[in-house]
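Asks: Build me a model from this:
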Amino acid sequence: MPVHPTAVVHPGAKIDSTAEIGPFCVIGDEVEIGPGTRMMAHLYVEGVTWIGEGNIFYPYSSIGVASQDLKYQGERAETRIGNHNKIREFVTIHRGTKGGGALTSITDSNLIMAYTHVAHDCYVGSKCILANGVTLGGHVTIGDHAVIGAFSGVHQFCRVGVHAMIGGYSVITRDVMPYSLTGVEREARVFGVNKEGLKRRGFPPETIQRLHKAFRLLKSSKLNTAQALEKIEAEVEPCDELAEVVRFIQSSERGVVK
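Replies: All right, here's what the predicted structure looks like:
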């Protein structure tokens with residue numbers, strides 16, 4: 001494998017022969033790195049960390065280090081990163097904790113931009129974009145294809161639904177609905193369906209229109225959430241995407257951003 005002579009690789013690490021470890025990287029015991037993954041320079045990777053194939057890590061990130069959660073007592077916990085992710089400069093990804101399933105997981109084909117922090121026990125789906133300076137508190141779940149704008153913070157235990165887009169500088173303290181375009185003025189609120197994002201991903205116009213009608217009902221000041229869900233069931237033609245929105249709201253423990 002191409003390992004730069006200045007890199008420090010623990011003999012217990014398992015690194016595929018096609019992976020590349022650049023200058024001044026430190027790779028700890030129990031780290032596994034898959035085929036074609038490239039660590040450019042000055043990476044620090046430790047703990048029980050599994051990294052798949054075809055990832056690229058830009059300089060000065062730390063992966064798999066101990067949680068900042070004060071309840072963490074050094075128990076065995078994991079970090080898993082899937083395939084074909086781009087991890088930019090100064091990203092921090094912390095391992096899980098006993099209280100959250102002992103696993104932090106990032107799946108496939110994500111772009112995680114500079115200075116992003118992924119805290120303990122988070123789950124990030126596939127094909128997501130976390131822009132510069134995004135901070136995920138512990139136990140956050142991010143659905144597939146979600147986009148989180150720069151310098152946004154997501155509170156512990158919150159969920160961001162599939163295909164949602166969150167505007168920059170947002171502070172998210174409740175669950176963000178699937179397919180929504182959500183941002184913050186004085187507080188987080190839904191502006192409507194993530195129309196342009198869904199168009200780019202090939203969603204048919206009739207599906208977008210159904211979601212648009214559903215979000216209009218959910219945003220209505222005359223209806224509470226339960227009443228809005230009843231109207232959606234009665235007035236909007238069903239589809240899988242609409243069912244996902246309803247399921248997401250009904251399973252929320254923190255309430256959803258409206």
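Asks: who touches the host helix or strand of Ile208?
Replies: Assessed by DSSP states H and E, Ile208 sits inside helix 205-219. In this structure, residues lying in contact with helix 205-219 by C-beta atoms under 8 Å, 6 or more residues apart in numbering are 177, 179-180, 190, 192-193, 195, 198-199, 223, 225, 228, 231-232, 235-237, 239, 241-242, 245, 258. (Glycine included, C-beta is placed from N, CA and C.)
Asks: how far does that helix sit from the chain's center?
Replies: Put simply, helix 205-219 sits 25 Å off its chain's centre (C-alpha atoms, centre = their mean, to the nearest Å).
Asks: If we go by neighbour counts, what in that helix is buried?
Replies: Buried residues in helix 205-219, counted by 16 or more other C-beta atoms under 10 Å: Thr207, Ile208, Arg210, Leu211, Lys213, Ala214, Phe215, Leu217, Leu218.
Asks: Could you check the angle the next helix or strand along the chain from that helix makes with helix 205-219?
Replies: Counting by DSSP H and E, the next helix or strand C-terminal to helix 205-219 is helix 225-235. Here the directions of helix 225-235 and helix 205-219 differ by 150 degrees (axes from the mean of the first three to the mean of the last three C-alpha atoms, to 10 degrees).
Asks: Check which helices and strands helix 225-235 sits against.
Replies: Secondary-structure packing of helix 225-235 (3 or more C-beta pairs under 8 Å, 6 or more residues apart in numbering; DSSP states H and E): helix 205-219, helix 240-250.
Asks: Next, format these as JSON lines and append distance to Ala164 and mean pLDDT.
Replies: Formatted as JSON lines, the helices and strands packed on helix 225-235 follow (distance: least, C-beta to C-beta, whole Å; pLDDT from 0 to 100):
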{"stretch": "helix 205-219", "distance to Ala164": "11", "mean pLDDT": "94"}
{"stretch": "helix 240-250", "distance to Ala164": "10", "mean pLDDT": "95"}
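Asks: Out of these, the one nearest Val26 is which?
Replies: In terms of C-beta to C-beta, the element of these nearest to Val26 is helix 240-250, at 40.3 Å.
Asks: Show me the contact partners of the closest one.
Replies: Contacts to helix 240-250, defined as C-beta under 8 Å, 6+ apart, come from residues 159, 161-162, 175, 177-179, 203, 207, 210-211, 214, 225, 229, 232-233, 236, 256.
Asks: Can you check what angle separates that helix from helix 225-235?
Replies: Calculated by the same axes, to 10 degrees, helix 240-250 forms an angle of 160 degrees with helix 225-235.
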